[in-house]
Each structure stands twice: as C-alpha cells, then as structure tokens.
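predicted model follows, preceded by the sequence.
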Amino acid sequence: MTTSIFVNLPTTDLERSKAFYEGLGFTINPAFTDENAACVVLDENIYFMVLTKEYLGTFTDKQIIDTTTQAQTSIAFTRDSREEVDEVLAKGLAAGGTEPRDAQDYGFMYSRDLEDPDGNILGFLFMEPAAAQMGPDAYLAQQEAAAAATGA
C-alpha cells in the first residue's frame, strides 16, 4: 500500500496561492481544483490542498487561525545541496513569498524558511548525508576530531 500525504493550507486569495506554488515549480491538478480549493502536486505522493479559509472551516469545528500572525505548523522539505535550498528560496521570494528569518547553519544542516503569501511556513533544508546516517552529534564529533588531527 502506498501512502499519500495531503496537507491542507488556508488561503485568503486562492489565485495568488496557485501562482505562488507554481512559481516554486509545483503543478496544479485541475481535476481537484475549483473556486474553493487548489490541489498543488509536490510529487506523486505529496499534495497541498490550498483551501479558502471559509472552505477549510467546513472541515473542522476549530477556529482557523490567522497564518500571518500565528503558526500552526511548519512543513520542511529536504534538498540535495545548500545551493538547491538557496535556489528554491529565490524562486519563492520572486513568487511573492517572504523569508521570516536568516538562514540557519548548524554545521551538519543548512535550512531556510519561506512563508507563502498567506504566512504558511515552508522550510527547505540540506543535511549532510553522513549526519543523517550517524546522527548530528556523532557527525559533529567526527568533524571536530578530524579538524583536531589536521591542526585546523
């Protein structure tokens, strides 16, 4: 069985949201798109359903937050290099997104956050493959030991 992921995101301007996500290089599935929602295809198993706030409200009895001032979730995506992280951020900024804080460089991981025009938070990160395999503490200890051995 294959699992697909559908993430529902609120928007106050559906057309603007569609243009933003297309600007990131994603596609819109017209079969699941109407005046209330757009299906953004990230890959064959991951989708964003960008929903008008009013329509999203029909899915829950809870209050739909104002994503420009409150964070409900942050969704992170890996990239294959630091350069790819920077490239996707450049696309997102050109498409109307904002970068809410400076890039974070942890030595084993590099990440940048991008907010869509509604304030939904998307993180993009690159993690050194060895750090992903070993864990960040072991990777950093190995890097420190290597630097000490070479006198760097």
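Arrived safely, thanks for sending. Numbers count the residues shown, from 1 in each chain.

which one is A37 nearest to, not counting chain neighbours?
Using CB to CB, 6 or more residues apart in numbering and skipping residues adjacent in sequence, the residue nearest A37 is L51, 4.7 Å away. Heads up, the C-betas are built off the backbone N, CA and C, glycines and all.

mind checking what secondary structure that neighbour has?
Under the three-state scheme (DSSP: H, G, I helix; E, B strand; the rest coil), L51 adopts strand.

and it, how far from V85?
According to CB to CB, to the nearest Å, L51 stands 27 Å off from V85.

what do you get for K18?
Computed as CB to CB, the K18 to V85 distance reads 24 Å.

which of the two has more neighbours?
V85 (22 against 18; other CB atoms under 10 Å).

isn't the more buried one up against L125?
Yes - contact criterion CB atoms under 8 Å: V85 and L125 qualify, at 6.5 Å.

what sits in contact with each of the two?
Common contact partners of V85 and L125 (CB atoms under 8 Å, 6 or more residues apart in numbering): R79, Y110, S111, R112.

ok, and the most crowded of those residues?
R112 leads the shared contacts of V85 and L125 on contacts (other CB under 10 Å) with 23 neighbours.

the protein: helices as residue ranges?
14-23, 53-56, 82-94, 129-134, 136-150 (DSSP state H).
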